[in-house]
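Participant: can you look at this prediction? I've put the sequence above it.
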Amino acid sequence: MTNAEEYDGLTAATRAVALGRPKRIAGAAVNVPVSFTSTYVADGDVSYARTSNPTWEALEEVLGSLEGGSARVFGSGLAAVSAVISLVPVGGVVVAPRHAYNGTTGILGERSAAGALTVRPVQADDVEGIVAACAGADLLLLESPTNPMMELTDVPAVLRGLADRYGDQRPVVVCDNTFATPLVQQPLSWGVDAVIHSATKYLAGHSDVLLGAVVVSPQRADLAERLHTHRTLHGAIPGPMEAWLVLRGIRTLSVRLERATATARVIAERLREHPVVVRVRYPGFGAMLSIEVGSEEAAETVCARTRLWMHSTSLGGVESQIERRRRHPLEVDTVPVDLIRLSVGIEDVEDLWADLEQALAPEAPAP
Ligand SMILES: *Cc1c(COP(=O)(O)O)cnc(C)c1O
């Protein structure tokens, strides 16, 4: 495999392309193979494929480099979230944003109903509130921006607050970086202990695979070891084909994101001027935004009327997606019923706008 250190100092866009490849020797393949194997010949470094797989390792090398830590891939984003939550001791306390991804709040709700842990919900943009809620907590599970409310957390300010108030008694701090991607922000560089990804979204980028990852800070080899053990014992592993697809997706991450971000900016600006749109939630970076359109019925109508924007859940694919989030019974009930989440893809900006405009138009008057 490539030696990640040789590429230190090169930009993330370059490392996303160059890393995770076989050694450059004459006649070698330029891509790692999909290693379909469940076991390995005895007396080597590896013995069974629930513990390791060469295709995962190529992907882990790239992800680790992009986030600045040591990566472990999991069967889905939620399997990665679950692995992180499994680090909390029985009876422990988890602090998490009220509007974290609904699968994350789902796991926390299920675990707390089982009596395994206590959850303290916080407002993602309330630094003081987050720091105060962390007294005696075991895990602070951040997500910025939040899905689908697009709230931002000033993570460096939270870390400073935790250090001032609790010193080295602070909880483990983990940040779900799915919406921003490592090309926009690298939370490990701010001092968080680990980063979570649903690689299903931007990293893979083509709506054809589920996979998750946790990338752990170089200072927390203990956490990396425990996550590795969790993955092996619980079998929360991705298939080798899935790992390969995500690796291929990451090769084009920077061009996809550049294009989608430029388009999202234009669309957010135009939506702000649109008479039907009550509110635009766009953090100023990335390609996700949410809008509010006044009523549940209006939101349903918009989603039903788009032709190009795909009415479907999920995000981060090359194709633009649209969804009213509260159609999911599990969505947190403080998410407005008229909120529509938009994942901007890489289609032509004017085609996307024209489709959105016709979907948002009040019913055309009869001729
Ligand atoms: C989708 C998502 C997840 C869950 O990922 P899966 O791959 O669908 O299991 C976790 N966090 C965020 C922010 C997400 O958007």
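Facilitator: Yes, it's here.

Participant: would you check that residue 109 makes contact with residue 121?
Facilitator: No. Look at residue 109 against residue 121 with C-beta atoms under 8 Å: they stay out of range, at 10.1 Å. (Each C-beta comes from the backbone N, C-alpha and C, glycine too.)

Participant: run the chain-centre distance for stretch 318-326.
Facilitator: Mean C-alpha position of stretch 318-326 versus that of the full chain (C-alpha atoms, centre = their mean, to the nearest Å) differs by 16 Å.

Participant: likewise stretch 53-60?
Facilitator: In terms of C-alpha atoms, centre = their mean, the centre of stretch 53-60 is found 19 Å from the chain centre.

Participant: now do the contacts for the residue of the stretch 201-350 of the chain found nearest the ligand.
Facilitator: Closest contact between the stretch 201-350 of the chain and the ligand, by C-beta to the nearest ligand atom, is at residue 210 (4.8 Å). By C-beta atoms under 8 Å, 6 or more residues apart in numbering, the residues touching residue 210 are 75, 76, 77, 200, 242.

Participant: show me what contacts the second one?
Facilitator: The one in question is residue 76. 198, 200, 210, 211, 212, 238.

Participant: again, only using 7 Å
Facilitator: 200, 210, 211, 212 (C-beta atoms under 7 Å, 6 or more residues apart in numbering).

Participant: and for residue 114, the neighbour number?
Facilitator: When counting by other C-beta atoms under 10 Å, one arrives at 9 neighbours for residue 114.

Participant: whoops, residue 142 was the one
Facilitator: There are 24 residues near residue 142, going by other C-beta under 10 Å.

Participant: which residues does it form a beta bridge with?
Facilitator: With DSSP bridges applied, residue 142 shows beta-bridge pairing to residue 175.

Participant: hang on, it packs against residue 178?
Facilitator: No. Counting by C-beta atoms under 7 Å, residue 142 does not reach residue 178; the two are 11.8 Å apart.

Participant: the stretch 1-150 of the chain: strands as residue ranges?
Facilitator: Taking DSSP state E, counting those that start in this stretch, the strands of the stretch 1-150 of the chain run over residues 70-74, 92-97, 117-122, 139-143.

Participant: adding distance to residue 357 and mean pLDDT, write the ones you listed out as a markdown table.
Facilitator: Output for those, formatted as a markdown table (distance: least, C-beta to C-beta, whole Å; pLDDT from 0 to 100):
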| stretch | distance to residue 357 | mean pLDDT |
| --- | --- | --- |
| strand 70-74 | 40 | 98 |
| strand 92-97 | 33 | 98 |
| strand 117-122 | 37 | 98 |
| strand 139-143 | 31 | 98 |
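
Participant: which pLDDT does the model give the residue of the chain found nearest the ligand?
Facilitator: Of all residues in the chain, residue 77 sits closest to the ligand, at 2.2 Å by C-beta to the nearest ligand atom. For residue 77, the pLDDT comes out at 98.

Participant: tell me which parts of the stretch 151-300 of the chain are close to the ligand?
Facilitator: Residues of the stretch 151-300 of the chain found near the ligand (C-beta under 6 Å from any ligand atom) are 176, 178, 179, 198, 200, 201, 210, 212.

Participant: circling back: for the residue of the stretch 201-350 of the chain closest to the ligand, give its distance to residue 232.
Facilitator: Residue 210 sits 19 Å away from residue 232, taking C-beta to C-beta, to the nearest Å as the criterion.

Participant: excluding sequence neighbours, find me the nearest residue to residue 39.
Facilitator: In space, and not counting its chain neighbours, residue 39 is closest to residue 48: 5.5 Å by C-beta to C-beta, 6 or more residues apart in numbering.

Participant: count the residues that sit near the one you found.
Facilitator: Residue 48: 11 surrounding residues under other C-beta under 10 Å.

Participant: likewise the one 10 residues further on?
Facilitator: Residue 58: 23 surrounding residues under other C-beta under 10 Å.

Participant: so what's it up against?
Facilitator: Residue 58 touches 1, 20, 32, 247, counting by C-beta under 7 Å, 6+ apart.

Participant: neighbour-wise, give me the winner out of the residues you listed.
Facilitator: Among the contacts of residue 58, the one with the most neighbours (other C-beta under 10 Å) is residue 247, at 29 neighbours.

Participant: longest helix in this protein, by residue count?
Facilitator: Taking DSSP state H as the criterion, the chain has its longest helix at helix 253-272.

Participant: helices or strands up against it?
Facilitator: Helices and strands touching helix 253-272, by 3 or more C-beta pairs under 7 Å, 6 or more residues apart in numbering; DSSP states H and E, are helix 12-18, strand 279-281, strand 288-292, helix 349-360.

Participant: the more surrounded of residue 109 and residue 121?
Facilitator: Remark: of residue 109 and residue 121, residue 121 carries more neighbours, 17 against 14, as counted by other C-beta under 10 Å.
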